[in-house]
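Engineer: for reference, the sequence and a predicted model appear below.
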Amino acid sequence: MGRKKKKQMKPWCWYCNREFDDEKILIQHQKAKHFKCHICHKKLYTGPGLAIHCMQVHKETLPGVPNSIPGRLDIELEIYGMEGIPEKDLEERRRMMEHKTQESQKRKMKNEESSDSGDDSSQPDLSVPPVVSMPSTVAPVIGLLHPGVSAVHGSMLGQWFLLLFAANSSRPQFKLGGHSLERTHLHQVE
């Protein structure tokens, strides 16, 4: 059996630590959020390109890269996508991602062990109660006459009619598919 392939690190923005699925999307993000001129809204490709543009066109000096986290304001770094990121920051990111992966694997193993132990008292029962199917004309009648009947408990239609009846208590007559439903009986409507 061969070695397990090491998972490739997703592209991420050095300026704001945001992760992306594709490097092209990362470059679009950098152009739109970090390398966009605040005066004429021109989108450039790098921090130094933005600094040169602002100096030559608008005669302004930029203090740092816009919308970046503290400590990553350096306008002189030539970062384009994932290229140009300082090596120490790449290593730090790799270590952080490995640590997250290990933590999630530990949690997963712990959850599997607790579910295999057979101790159901610690976990709430999340199973869905069975829905009893009834003819659509019978369920509302049973629900109105006997709201506590368990057969109607699973019937959304019965619960809907109970709510409808409570909302229209001044006029307790409803129509359902050619039938008129009153509080005490069901009869055919002409």
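Structural biologist: Thanks, I have the structure now.
Engineer: buried ones in the host helix or strand of residue 97?
Structural biologist: According to DSSP states H and E, residue 97 maps onto helix 87-116. Of the residues in helix 87-116, residue 93 count as buried by neighbour count, 16 or more other C-beta atoms under 10 Å. (C-beta placed from N, C-alpha, C; glycine too.)
Engineer: please report phi then psi for residue 28.
Structural biologist: phi -60, psi -40 (degrees, to the nearest 10).
Engineer: about what we covered before: taking the mean pLDDT, what do you get for the helix holding residue 97?
Structural biologist: For helix 87-116, mean pLDDT rounds to 86.
Engineer: got any ranges where the chain has weak pLDDT?
Structural biologist: 1-7, 116-190 (pLDDT under 70).
Engineer: which residues in the protein form strands?
Structural biologist: 173-176, 179-182, 186-188 (DSSP state E).
Engineer: and the helices in the protein?
Structural biologist: 23-29, 47-58, 87-116, 139-145, 150-153, 156-167 (DSSP state H).
Engineer: who are the packing partners of the second one?
Structural biologist: Meaning helix 47-58. Using 3 or more C-beta pairs under 8 Å, 6 or more residues apart in numbering; DSSP states H and E as the contact test, no helix or strand touches helix 47-58.
Engineer: okay, buried residues for that helix please.
Structural biologist: So, applying 16+ other C-beta under 10 Å, buried residues of helix 47-58: 47, 49, 50, 51, 53, 54.
Engineer: looking at those residues, which is nearest residue 108?
Structural biologist: Ranked by distance to residue 108 (C-beta to C-beta), those are led by residue 47 at 39.8 Å.
Engineer: wait, doesn't that closest one sit right on residue 73?
Structural biologist: No. Assessed by C-beta atoms under 8 Å, residue 47 is found out of contact with residue 73, at 9.3 Å.
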